[in-house]
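**Student:** give me a 3D structure for the following:
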Amino acid sequence: MNRTDPGTDPTALPTPDERTWGMLAHLTALAGFIVPFGNILGPLVVWLVKRDHSVFVAVEAKEALNFNITLASGGIVCLLLLQFFIGVLFGAVLALFWLIMTIIAALKANEGIAYRYPFSLRLVK
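**Tutor:** The predicted structure follows:
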């Protein structure tokens, strides 16, 4: 198989190392369970560290970052809706959606498939 430099050719297949980092870009969002705003800081750190080394990792980290910023905004809306009790229901659905989508994205990245989250604002370009 003739491989080109994945850092310069966006159509090149990601290497095993790039697939691992792409998966970590999504899974670092789980740091939100431990650290406040860890769901945003994790993908941000991966993006800042690896964006110049791999196009695949940069795209996956940006995608994870955008998704987690979008969901954090949704979480703020849920907090505002707590006074109407509907925020509890929306918050639970949002948290479950976040967890499932994060795991799916990590698995796809580990397979070398670029994943785009549904319902994600593209804030970081």
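**Student:** for stretch 42-49, which outside residues touch it?
**Tutor:** Residues from elsewhere that reach stretch 42-49, judged by CB atoms under 8 Å, 6 or more residues apart in numbering: 21, 24-32, 57-58, 61-62, 64-65, 68, 124. The C-beta positions use only the backbone N, C-alpha and C, and glycine is treated the same way.
**Student:** swap in 10 Å and give it another go.
**Tutor:** Contacts with stretch 42-49, where a contact means CB atoms under 10 Å, 6 or more residues apart in numbering, come from 21-22, 24-32, 34-35, 37-38, 57-69, 102, 124.
**Student:** where does Leu81 sit: helix, strand or coil?
**Tutor:** helix (DSSP: H, G, I helix; E, B strand; the rest coil).
**Student:** which pLDDT value belongs to it?
**Tutor:** Leu81 is assigned 87 on the pLDDT scale.
**Student:** again, but for Ser54
**Tutor:** pLDDT at Ser54 comes out at 90.
**Student:** ok, Val55 to Leu27 distance?
**Tutor:** Going from Val55 to Leu27 by CB to CB, to the nearest Å gives 20 Å.
**Student:** what of Val57?
**Tutor:** Applying CB to CB to Val57 and Leu27 gives a distance of 13 Å.
**Student:** overlap in contacts, the two.
**Tutor:** Joint contacts of Val57 and Leu27 (CB under 10 Å, 6+ apart) are 46, 109.
**Student:** quick one: which of those two has more around it?
**Tutor:** Between Val57 and Leu27, counted using other CB atoms under 10 Å, Val57 has the larger neighbour count: 28 against 20.
**Student:** doesn't Gly112 make contact with that one?
**Tutor:** No. Using CB atoms under 10 Å as the test, Val57 is too far from Gly112 to be in contact (11.4 Å).
**Student:** now do the same for Pro36: helix, strand or coil?
**Tutor:** Pro36 ends up coil, using three-state DSSP.
**Student:** in contact with it, which residues?
**Tutor:** Pro36 neighbours (CB under 10 Å, 6+ apart): none.
**Student:** check what pLDDT it gets.
**Tutor:** For Pro36, pLDDT reads 88.
**Student:** ok, now how distant is it from Gly75?
**Tutor:** 12 Å.
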